[in-house]
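**Q** got a predicted model here, sequence first, then my questions.
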Amino acid sequence: MADVFEVLGADHAGVKAMLSALEDSPGQAAGADERVLAARRAVAEQLIIASSRHEAAEEQYFWPAVRDALGNGNELADTAIAQETAAKELLARIGKAGVADAGLDELIAEFIPAGRAHIDFEETRVWPALREALSPGRARELGEKIEDAEEHGPTRPHPHTPPSPGLLKTAGPAVAAVDRLRDLVTGRTRS
């Protein structure tokens with residue numbers, strides 16, 4: 001069974017790969033053809049889905065654990081949640097932009113460094129202290145909870161939803177069900 005750092009590390013690796021793919025592919029401003037723009041859009045959609053699931057799970061389980069386990073946990077969690085909220089707002093705008101929307105390139109260019117900075121913050125500022133504070137059993141339990149929350153989590157960003165663990169645990173499944181219904185109706189994939 002994977003612990004919390006393995007689960008989140010795998011998520012981060014996937015996001016980093018998507019950020020690199022978006023950064024390395026030409027956008028509309030570079031004269032990309034429709035096929036390339038559609039592929040870029042597909043990567044952006046997968047980024048939105050993965051990030052939405054990841055952030056919701058972190059807000060339910062990871063950040064509360066950080067708050068409880070670390071003396072400066074509130075400060076670390078508040079900083080990270082502010083970064084995540086800004087990311088959700090950008091991802092929502094990316095999600096609304098069309099393939100040929102000239103603003104899509106700019107939104108993606110704005111998100112890439114912010115996404116990398118957030119991952120770096122978690123991995124270098126939060127994880128080392130939390131590794132010391134959590135027992136191996138607690139780290140595995142937290143990893144399992146996060147995996148489950150991601151599996152049943154939202155597939156779209158909800159930047160105006162308060163990052164309250166209790167609210168996310170109770171209202172989250174309904175929001176996620178609506179997201180999946182929208183995905184089904186629009187043909188948007190979740191993988």
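**A** Great, that's in hand.

**Q** how about the residue sitting nearest the centre point of the chain, nearest residue that isn't a chain neighbour?
**A** A centroid search over the chain (CA atoms, centre = their mean) returns Ser51, at 2.0 Å, as the residue closest to the centre. Leaving aside its sequence neighbours, Ser51 sits nearest to Leu91 (CB to CB, 6 or more residues apart in numbering; 5.9 Å). In short, each C-beta sits where N, CA and C put it, glycine included.

**Q** how about low-confidence regions in this structure?
**A** When residues are selected by pLDDT under 70, those of the chain lie in 99-100, 156-191.

**Q** which parts of it are helices?
**A** In order along the chain, the chain carries the following helices (DSSP state H): 4-24, 34-57, 63-69, 73-96, 102-120, 127-133, 136-151, 165-186.

**Q** deepest of the ones you listed, which one?
**A** Per residue and on average, the most neighbours among those fall to helix 34-57, with a mean of 20 (mean count of other CB atoms under 10 Å).

**Q** what packs against it?
**A** Under the contact criterion of 3 or more CB pairs under 8 Å, 6 or more residues apart in numbering; DSSP states H and E, helix 34-57 touches helix 4-24, helix 73-96, helix 102-120, helix 136-151, helix 165-186.

**Q** so which of those helices gets nearest Ala57?
**A** Closest of these to Ala57 is helix 136-151, at 3.7 Å (criterion: CB to CB).

**Q** so the closest one versus helix 34-57, what angle?
**A** Counting by axes from the mean of the first three to the mean of the last three CA atoms, to 10 degrees, helix 136-151 points 130 degrees away from the direction of helix 34-57.

**Q** work out the gap between helix 136-151 and the centre of the chain.
**A** In terms of CA atoms, centre = their mean, to the nearest Å, the gap separating the centre of helix 136-151 from the centre of its chain is 16 Å.

**Q** what is the orientation angle of it with helix 4-24?
**A** Taking the same axes, to 10 degrees, helix 136-151 and helix 4-24 form an angle of 40 degrees between their directions.

**Q** kindly format the C-alpha coordinates of helix 136-151 as CSV.
**A** This file holds the C-alpha atoms of helix 136-151, laid out as CSV (Å, rounded to 0.1, in the frame of the first residue of the first chain):
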residue,chain,number,x,y,z
PRO,A,136,4.6,4.9,8.6
GLY,A,137,1.1,3.6,9.5
ARG,A,138,-0.4,7.0,9.5
ALA,A,139,1.3,7.9,6.2
ARG,A,140,-0.1,4.8,4.6
GLU,A,141,-3.6,5.5,6.0
LEU,A,142,-3.4,9.1,4.7
GLY,A,143,-2.3,7.8,1.3
GLU,A,144,-5.3,5.4,1.2
LYS,A,145,-7.7,8.2,2.1
ILE,A,146,-6.3,10.5,-0.6
GLU,A,147,-6.4,7.8,-3.2
ASP,A,148,-10.1,7.1,-2.4
ALA,A,149,-11.0,10.8,-2.3
GLU,A,150,-9.3,11.3,-5.7
GLU,A,151,-11.2,8.4,-7.2
